[in-house]
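> Any chance you could fold what I've pasted below:
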Amino acid sequence: MKANNAPAVGRTPFQKWCDKYQGLFYLIPWIIGFVVFKAIPFGQSLFYSFTDMNFFNGISEYGLMNYIDAFTTSRITKALITTFQYSFITVPLKLIFALFIAYILNFNIKFVNLFRTAYYIPSILGGSVAIAVLWRAVFRDDGLINTLIKMITFGAFDGPSWLSDPNYALWVICLLRIWQFGSAMVLFLAALKGVPADLYEAATIDGAGKWRQFFSITVPMITPIIFYNLVTQICQAFQEFNGPYIITNGGPRNATTLISLLVYQYAFQQNEMGMASALAWIMFVIVCVLTVIAFTSQKKWVYYSDER
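All right, here's what the predicted structure looks like:
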């Protein structure tokens, strides 16, 4: 075999550096987007939270006044309590309902693919403005729900004022959130498909019933997906905006005013960007604390298949 005596083409130091860090060039668009649309706004909002930043008047004061006002103003503290109520109502009920539907769809029934698609549609449409407007029309005084109540009771009962009564308004908003269970259901269904069938067969031979199999086999095997859904649903619940804004606009008497709605009102209606930034950071810290608690507690109730 004849040797190749052609001289090797030399590469400049810059070309060698480009070869070494070639992958970095593919990340440049993402890095630019992250810095411009994430890191810089993140830092600016933290800075503004310690000022009285106003869109028209600028900054005239620095300090902790926004955070002090946030925990001493009754309107904001009530919004914090309402946000916690909304989250602690919607997250467990949504996960329970999603797991229930996924467990049913896990059986071999006719048209199962059609049912899966039908139950997933609310997750796609539920956060849209059109569905929120539809939800408002359904629950208004002369809406579909009260019309059905009036028909069932033969006109003896007109039905409550769902959107104007503080006792019902928050539950209407929560129901819209729970209705969007499709994404969690799909993950639960995939997890249920991955549970080995021989575990159920062995449990049946040992005399375990369906309920015992569900709580002793099914739930422990899908705890990683339960944990993932729990964390993501907590984050999404604290960011809810469309429903309270479009359906009730925070009313009646601030019964459905969440922190996310207050951030919008302070920032774009009252032009107080400093207070809006402070509220956003308070919400961010709350979500971080709840997430840390969830990750810390997973050692006690989440079981991974690769652990011994």
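> By average pLDDT, which secondary structure element in the chain comes out worst?
helix 112-125 (a mean of 75; mean pLDDT, DSSP states H and E).
> Output the contacting helices and strands for it.
helix 74-105, helix 182-193 (3 or more CB pairs under 8 Å, 6 or more residues apart in numbering; DSSP states H and E). Yep, even glycine has a C-beta here, placed from its N, CA and C like the rest.
> Would you indicate which residues of it are buried?
R116, Y119, Y120, P122, S123 (16 or more other CB atoms under 10 Å).
> Now do the SS call for V287.
helix (DSSP: H, G, I helix; E, B strand; the rest coil).
> what about L134, distance to Q213?
According to CB to CB, to the nearest Å, L134 and Q213 sit 40 Å apart.
> ranges for the strands of the stretch 151-300 of the chain?
Taking DSSP state E, counting those that start in this stretch, the stretch 151-300 of the chain contains no strands at all.
> can you give me the helices in it?
166-179, 182-193, 197-205, 210-213, 219-221, 223-238, 242-243, 259-264, 273-301 (DSSP state H, counting those that start in this stretch).
> and of these, who's closest to R75?
helix 259-264 (7.7 Å; CB to CB).
> Buried residues, the closest one. List them.
Quick answer for helix 259-264 (16+ other CB under 10 Å): I259, S260, L261, L262, V263, Y264.
> Might one say that the fifth one is in contact with A276?
Yes: using CB atoms under 8 Å, V263 is in contact with A276, at 4.9 Å.
> Residues contacting the helix or strand encompassing F71 from elsewhere in the structure, which ones?
Using DSSP states H and E, F71 sits in helix 65-72. With contact meaning CB atoms under 8 Å, 6 or more residues apart in numbering, helix 65-72 is reached by S49, F50, T51, D52, I76, T77, G274, M275, S277, A278, L279, I282.
> Buried among the residues you listed? Make that a ChimeraX selection.
The ChimeraX command for the buried members of the contacts of helix 65-72 (criterion: 16+ other CB under 10 Å) is given here:
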select :49,50,51,52,76,274,275,277,278,279,282
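> Nearest to E61 among the contacts of helix 65-72?
D52 (4.5 Å).
> From L93, how far off is the nearest residue to G63 once chain neighbours are set aside?
Among residues not flanking G63 along the chain, F50 sits closest, at 6.5 Å (CB to CB, 6 or more residues apart in numbering). Remark: distance between F50 and L93 (CB to CB) = 38 Å.
> Ok, Q239 next?
18 Å.
> neighbours around Y26, how many?
8 (other CB atoms under 10 Å).
> wait, I meant W162
W162: 22 neighbours (other CB under 10 Å).
> re the thing from before, report the angle between the helix holding F71 and helix 74-105.
Helix 65-72 and helix 74-105 meet at an angle of 70 degrees, taking axes from the mean of the first three to the mean of the last three CA atoms, to 10 degrees as the criterion.
> Helix 65-72: which residues count as buried?
N66, Y67, A70.
> starting at the chain centroid, how far to that helix?
Put simply, helix 65-72 sits 26 Å off its chain's centre (CA atoms, centre = their mean, to the nearest Å).
> again, but for stretch 152-170
29 Å.
> what's the first-to-last distance across it?
Distance across stretch 152-170, first residue to last, is 25 Å (CA to CA, to the nearest Å).
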